[in-house]
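Trainee: Here is my input; please provide its structure:
(chains A and B)
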Amino acid sequence: MSANQTRIERRFADLKAANRAGLVTFISAGDPDYENSLNTLLALPEAGADVIELGMPFTDPMADGPSIQKSSLRALTAGHNMHKTLAMVRALRERDNDTPVVLMGYYNPIYCMGVETFLKQASEAGVDGLIVVDLPPEHDDELCLPAREYNINFIRLATPTTDAKRLPLVLQNTSGFLYYVSSTGVTGAAAPTPEKVEAEVNAIRGHTDIPIGVGFGIRTPEQAERIGQFADAVVVGSALTDCIEKAATPAEGTQAVADLTRSLAEAVRKARQ
Amino acid sequence: MSTQNSTPEIGPDVNGFFGRFGGRFVAETLMPLILDLQAEYAKAKNDPSFYAELEALSKDYVGRQSPLYYAERLTEHLGGAKIYLKREDLMHTGAHKINNCLGQILLAKRMGKKRIIAETGAGMHGVATATVAARFGLECVVYMGTTDIDRQQPNVQRMKLLGAKVIPVVSGTGTLKDAMNEALRDWVTNVDSTFYIIGTVAGPHPYPEMVRDFQSVIGREVREQITEKEGRLPDSLVACIGGGSNAMGLFHPFIKDSSVRIIGVEAAGYGIDTGKHAASLKGGTPGVLHGNRTYLLQSEDGQIQDAHSISAGLDYPGIGPEHAWLHDIGRGEYVSITDDEALDAFKLTCRLEGIIPALESSHAIAYAIKLAPTLPKDHLMVINLSGRGDKDMATVTAHLADELAD
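Mentor: Residues are numbered from 1 along each chain as shown, chains lettered A, B, ... in the order given. Coordinates of the predicted model:
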C-alpha cells in the first residue's frame, strides 16, 4: 500500500510523526493572472504551506463567499481555464515533488472537460487530491470512484449538518483527509467557536482514523494556533485571497500571501508545544 | 383518446434523475436538508389533509380553476388551428407561480420553518412567494438581480408592500442565475430556520419533481376542461420555457398521451446565432449547475454564459432537467422565438383578444402564430397564458415608443 501512498498521505504521516498540525493554504488558480498566480503558488511551500489547495475558477461558485467569488472572477477575466490550472501544477512539480496539491472547485468545468480526460491530465500533472464542493457521496460514481483509479484522493467535506447517521456515508469513500467545515455558510464567513469545533472534531474521530483538516472562517495566526491544537490541519483560504485583492500590485499580492502563510505556519508549528 | 404508449417511465428515479438529467449536485451542508425535504414531501403526498388544505386555498385564495378560454379572434386571424388560452394570468398575483408557492409554503409550515427565501427573475415568483409568506405570517427574503430590479420595478414595490425584504444581487450579470446563487448561499448559512422556495422545475432533487407536481394542476384542469368543451384531448400544447415550470405544469398530465404534441418555446433573444439568447436546449450543452445536470449555456471550459431575453422570466442559462429529458427522448418539441417575434405576439394579443400577456407567455403565443396557420381547423391547440403583462409595461413602452406616441 505504501508504494501507492499519495503525497497527501505521506505528508499527514510525517505531520503525525512530528506531532504538529499542518497548514493548508488555498488560492484561486490564475488570480489575478497566470504569471502572478504561478509566482504565488511557487512561494507557498517555502513559506510553510504543508498542503496546497488550488482553486479551479468557476463563474458560479455558490458555496463561496465574496472573497473567493471575486478571486475566481479575477482569474476568469484574465482568461484562466482548466488547462492553465493544470499547467500551474506541472510548473510547481518541476521544482517541488513533495508538497501535496489538491484541486478544489465545482463539478461543471470537470464534467465539461470529460472526467477521464481530466483525471488523466491531473494525474500526469502531479495533482494528489480533489475537493469538489457539489459532489456529495450520493454522486460518488461521477468522479470520486473514477479518481481512485488514478490514485487521486477524493477529499470530502463534513459539516455541522452532517449528523451521526450521515457521517459513515460521508467517510465511506473519503481519502487523504477529511475537510471539516467548521460553520454552516459560505467560505470566509464568521469565525467558529474553537470549543464547539473541537467537540465536533473529536466526535468525528470516533468514526475514523483519517486525518481531519478544519477550515471556513480561519483568518489569523491566533485562530490557526488554537485550531491546530486539536485538528490535523488548518485550512486558510479567504484571508489569503483577500491579500491578492487588496494588494497595490500583483507582486505585492504574492508577497502578502507569502507573509501571511509564514505567520500561519509558525502558529500551527507552536500550537502543541 | 390515446392511452399508455411506449414513453419511458416518468421520473425521477430514487436519485432524482430523469434519464441522465437531474440529481442532487449540492454542497454537503445542504444534503441533510434536501433529504429532509424529500422525506417530508413524500409524507405530505400521502396525507389527504395536505391536499385538502392546498385545494381549498387554491380555490378560494388563488381563484382556481383558471378558465380555458377559446381565443376566437386569434383563431380567425390565423386561419388554422382552434386556439384555447389557459388563463393562468387571471390567478392571484397574476401568474402560475402561486400554484407552486402555495404547495411549498404548506410544506414549510409542516416542517416548522420560520423563514422563507426565494430567488426571482421577472419578479413574479418573488411576488407569489411574498404573498404566501404574508398569508402564513412567515419572514420572507427575496434575492433579485440588479438588472432585473431595474426592469421589473412594479414587482419590487409589490414584494415590499407584502412585507418581503428584497436583496439586490450585484454579482455576475445581476439576473436570475445570480439571484439563485445568492439564495443558495443564504440557505447554506441559515440551514435550521430557513425554507428555500425554488420557483421553477430546476435545482436539486426533489425540487424539479415537487414544483412539477404543484404546477400540474394546470394540465389536469386543461384535460378536464377541453374534454368538457370539445369531447376530446387537445392536439397540441404550447408553453414558454425559462426554467420551465408553467410548461411542465401544462405538459406533465399529457406526457403519456402520444397523440398530444408537446411544444416548449425557449427565448431566442436577438437570435440563437447571435449568441445573445436564453435557449438552453437549442443553443446549450449538458452541464451541472444549481444542483442539477441539464442543458446549460456555457463555454467549452464549463463556464456559465450570460443569457439574454427581453423577458426577465426567461433570462436563465439553464432549463429544468425533465425538459432536458423530454427533449433527449424526443417526446417534447423545443423551438425558440426572438425578442421581436415575442413583441409582435404581445401586440397582436392585446388588440385581438383584449388581453395583455406577459412577455414570457408572448413567446408561446408567437410560436402559435407561426404554427397555427399550417394546421387544420379541427386541430385543438392549448397555449399556456402563464402570466399577465402589466409588469412588462416599462420594457414594452421602451421598445414600442414610436407606436405608442400617437
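Trainee: Helix or strand for the closest residue to chain B within the stretch 1-150 of chain A, just tell me which one.
Mentor: Going by C-beta to the nearest C-beta, chain B is nearest to residue A:112 of the stretch 1-150 of chain A, at 3.2 Å. The way it works is simple: take the backbone N, C-alpha and C, and place the C-beta from them, glycine included. Residue A:112 belongs to helix A:107-113 when assigned by DSSP states H and E.
Trainee: Could you do residue B:84 as well?
Mentor: Per DSSP H and E: residue B:84 is located in strand B:82-87.
Trainee: Now do the buried residues in the helix or strand just after that strand.
Mentor: Later in the chain than strand B:82-87, the nearest helix or strand by DSSP H and E is helix B:97-110. Within helix B:97-110, the residues that qualify as buried are B:97-109, counting by 16 or more other C-beta atoms under 10 Å in any protein chain shown.
Trainee: contacting residues around residue 147?
Mentor: Just going to use chain A. For residue A:147, the contacting residues are A:119, A:130, A:153, A:154, by C-beta atoms under 8 Å, 6 or more residues apart in numbering or on different chains.
Trainee: try chain B instead
Mentor: Going by C-beta under 8 Å, 6+ apart, the list of residues near residue B:147 reads B:173, B:174, B:175.
Trainee: And the pLDDT at the residue in the stretch 301-406 of chain B positioned nearest to chain A?
Mentor: Nearest to chain A, among the residues of the stretch 301-406 of chain B, is residue B:302, at 3.2 Å (C-beta to the nearest C-beta). If you check residue B:302, the pLDDT there is 98.
Trainee: Give me the spatial nearest neighbour of it, chain neighbours excluded.
Mentor: Spatial nearest neighbour of residue B:302, chain neighbours left out: residue A:112 (3.2 Å); criterion: C-beta to C-beta, 6 or more residues apart in numbering or on different chains.
Trainee: Check residue A:132 too.
Mentor: residue A:107 (5.3 Å).
Trainee: pretty sure the one you found contacts residue A:134?
Mentor: Yes: with contact defined as C-beta atoms under 8 Å, residue A:107 and residue A:134 form a contacting pair (5.2 Å).
Trainee: returning to that earlier point: now do the contacts for the residue of the stretch 301-406 of chain B closest to chain A.
Mentor: Per C-beta under 8 Å, 6+ apart, neighbours of residue B:302: A:58, A:82, A:108, A:109, A:110, A:111, A:112, A:113, B:287.
Trainee: now the first one: how far from residue A:144?
Mentor: Using C-beta to C-beta, to the nearest Å, we find residue A:58 at a distance of 18 Å from residue A:144.
Trainee: rewinding a little: roughly how far is the strand holding residue B:84 from the heart of the chain?
Mentor: 18 Å (C-alpha atoms, centre = their mean, to the nearest Å).
Trainee: got it, and stretch A:197-217?
Mentor: On C-alpha atoms, centre = their mean, the centre of stretch A:197-217 falls 16 Å from the chain's centre.
Trainee: for chain A, what's the longest strand?
Mentor: The longest strand of chain A (DSSP state E) is strand A:22-28.
Trainee: List the contacts of it.
Mentor: A:11-12, A:15, A:37, A:40-41, A:44, A:48-55, A:57, A:68, A:71-72, A:74-75, A:102, A:104, A:213, A:215, A:224, A:232-237, A:240-241, A:244, A:257, A:261, A:264-265, A:268.
Trainee: Next: stretch A:197-213.
Mentor: A:12, A:15-16, A:22, A:24, A:51, A:158, A:160, A:164, A:167-168, A:171, A:174-180, A:182, A:214, A:227, A:229-235.
Trainee: quick one: common contacting residues for residue A:107 and residue A:134?
Mentor: In contact with both residue A:107 and residue A:134: B:25, B:288, using C-beta under 8 Å, 6+ apart.
Trainee: the more surrounded of those two?
Mentor: residue A:134 (26 against 22; other C-beta atoms under 10 Å in any protein chain shown).
Trainee: which parts of the stretch 51-200 of chain B sit against chain A?
Mentor: B:171, B:172, B:177, B:180, B:181, B:184, B:185, B:188, B:189, B:190, B:191 (C-beta under 8 Å from any C-beta of the partner chain).
Trainee: do the same with the stretch 301-406 of chain B
Mentor: So the stretch 301-406 of chain B meets chain A at B:301, B:302, B:303, B:304 (C-beta under 8 Å from any C-beta).
Trainee: Which one of these is nearest to residue B:247?
Mentor: Ranked by distance to residue B:247 (C-beta to C-beta), these are led by residue B:304 at 21.9 Å.
Trainee: now what about the helix or strand residue A:8 falls within, what contacts it?
Mentor: Applying DSSP H and E as the criterion places residue A:8 in helix A:7-17. For helix A:7-17, contacts defined as C-beta under 8 Å, 6+ apart pick out A:5, A:21-22, A:50-51, A:98-102, A:128-129, A:153, A:155, A:175-177, A:211, A:232-233.
Trainee: got the residues of the stretch 51-200 of chain A near chain B?
Mentor: Residues of the stretch 51-200 of chain A lying near chain B (C-beta under 8 Å from any C-beta): A:58-63, A:65, A:69, A:76, A:81-82, A:106-113, A:133-136, A:138-139, A:156-163, A:166, A:170, A:181, A:184-186, A:189.
Trainee: which of those count as buried?
Mentor: A:58-63, A:65, A:69, A:76, A:81-82, A:106-113, A:133-136, A:138-139, A:156-162, A:166, A:170, A:181, A:184-186, A:189.
Trainee: Which ones among those residues map onto strands?
Mentor: A:157, A:158, A:181.
Trainee: out of these, who's nearest residue B:213?
Mentor: The nearest one, if we look at those relative to residue B:213 and count by C-beta to C-beta, is residue A:157, at 31.2 Å.
Trainee: Okay, and the beta partners of the closest one?
Mentor: Taking DSSP bridges, one obtains residue A:179 as the residues bridged to residue A:157.
Trainee: Am I right that it is in contact with residue A:177?
Mentor: No: if you go by C-beta under 8 Å, residue A:157 and residue A:177 don't touch, sitting 10.9 Å apart.
Trainee: Pretty sure residue B:205 sits against residue B:38.
Mentor: Yes: between residue B:205 and residue B:38 there is a contact under C-beta under 8 Å: 7.0 Å.
Trainee: of these two, who's got more company?
Mentor: residue B:205 (28 against 19).
Trainee: For residue B:153, list the residues it contacts.
Mentor: Counting by C-beta under 8 Å, 6+ apart, residue B:153 has contacts residue B:394.
Trainee: The spatially most central residue of chain A: which element?
Mentor: Of all residues in chain A, the one closest to the mean position by C-alpha atoms, centre = their mean is residue A:53, 3.4 Å from it. For residue A:53, the host element (DSSP H and E) is strand A:51-55.
Trainee: Quick one: residues in contact with that strand.
Mentor: Residues contacting strand A:51-55 (C-beta under 8 Å, 6+ apart): A:8, A:11, A:22-29, A:31, A:41, A:44-45, A:68, A:71-72, A:85, A:88-89, A:92, A:99-105, A:131, A:213, A:233, A:235, A:237.
Trainee: What sits closest to residue B:22 if chain neighbours are left out?
Mentor: residue B:321 (3.8 Å).
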